[in-house]
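>>> turn this into a model:
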Amino acid sequence: QVQLVESGGGLVQAGGSLRLSCAASGRTFSNYVMGWFRQAPGKEREFVAAITWSGGSKYYADAVKGRFTISRDNDKNTMYLQMNSLKPEDTAVYYCAGRSGSYYPGIKMNYWGKGTLVTVSS
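Numbers count the residues shown, from 1 in each chain. Now for the predicted structure:
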């Protein structure tokens, strides 16, 4: 079992930045592919970014490429999402998620955090 806890959400103006963190506990974090997903009001949850266990490969949704950066520190059992040039359409609850194994498009995660709210004002 892996427990995931997100932090770092909040209210920011358009064009601003936020850094989300995801603290993991339980099974060996370093063996897991990790990712960020988000769910905006009235919309389905969508993929944002993912990172392999080593951090050597990263994947991004087209909507955030060039603005968001995913990273991880396996020594600290923590994953991050640096979000720059934020837009009002980035407003959502952001979820941390993970699973063992390799990344694949449309990946289904086994473990989820409870989410952190990001609100971007225009």
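>>> how about the strands in this protein?
2-7, 10-13, 18-26, 32-39, 46-51, 58-60, 68-73, 78-83, 92-100, 111-112, 116-121 (DSSP state E).
>>> ok now the fourth one, how far from the chain's centre?
Distance of strand 32-39 from its chain centroid, counting by C-alpha atoms, centre = their mean, to the nearest Å, is 5 Å.
>>> try the shortest one
Between the centre of strand 111-112 and the centre of its chain there are 11 Å (C-alpha atoms, centre = their mean).
>>> what residues are up against the most centrally placed residue in the chain?
Note on the chain: the residue nearest the mean C-alpha position is residue 36, at 2.3 Å, using C-alpha atoms, centre = their mean. Residue 36 makes contact with 20, 22, 48, 49, 50, 70, 79, 81, 94, 95, 96, 97, according to C-beta atoms under 8 Å, 6 or more residues apart in numbering. Every C-beta, even on glycine, is put in place using the N, C-alpha and C of the backbone.
>>> which residues of this structure score low on pLDDT?
Within the chain, no stretch has pLDDT under 70.
>>> how deep is the residue lying closest to the residue nearest to the centre of the chain once chain neighbours are set aside tucked in, by neighbour count?
Leaving aside its sequence neighbours, residue 36 sits nearest to residue 48 (C-beta to C-beta, 6 or more residues apart in numbering; 4.2 Å). Other residues lying near residue 48 total 24 when counted by other C-beta atoms under 10 Å.
>>> now swap in residue 46 and tell me
12.
>>> ok, it touching residue 60?
No: between residue 46 and residue 60 no contact is recorded; they are 11.9 Å apart, counting by C-beta atoms under 8 Å.
>>> re the thing from before, how close does the residue nearest to the centre of the chain get to residue 107?
Residue 36 is 12 Å from residue 107, where distance means C-beta to C-beta, to the nearest Å.
>>> hmm, residue 46 and residue 38 touching each other?
Yes: Residue 38 is within contact range of residue 46, at 6.1 Å (criterion: C-beta under 8 Å).
>>> identify the bridge partners of the residue lying closest to residue 5 once chain neighbours are set aside.
Distance criterion C-beta to C-beta, 6+ apart; nearest residue to residue 5, sequence neighbours excluded, is residue 23 at 4.9 Å. Counting by DSSP bridges, residue 23 forms beta bridges with residue 5, residue 78.
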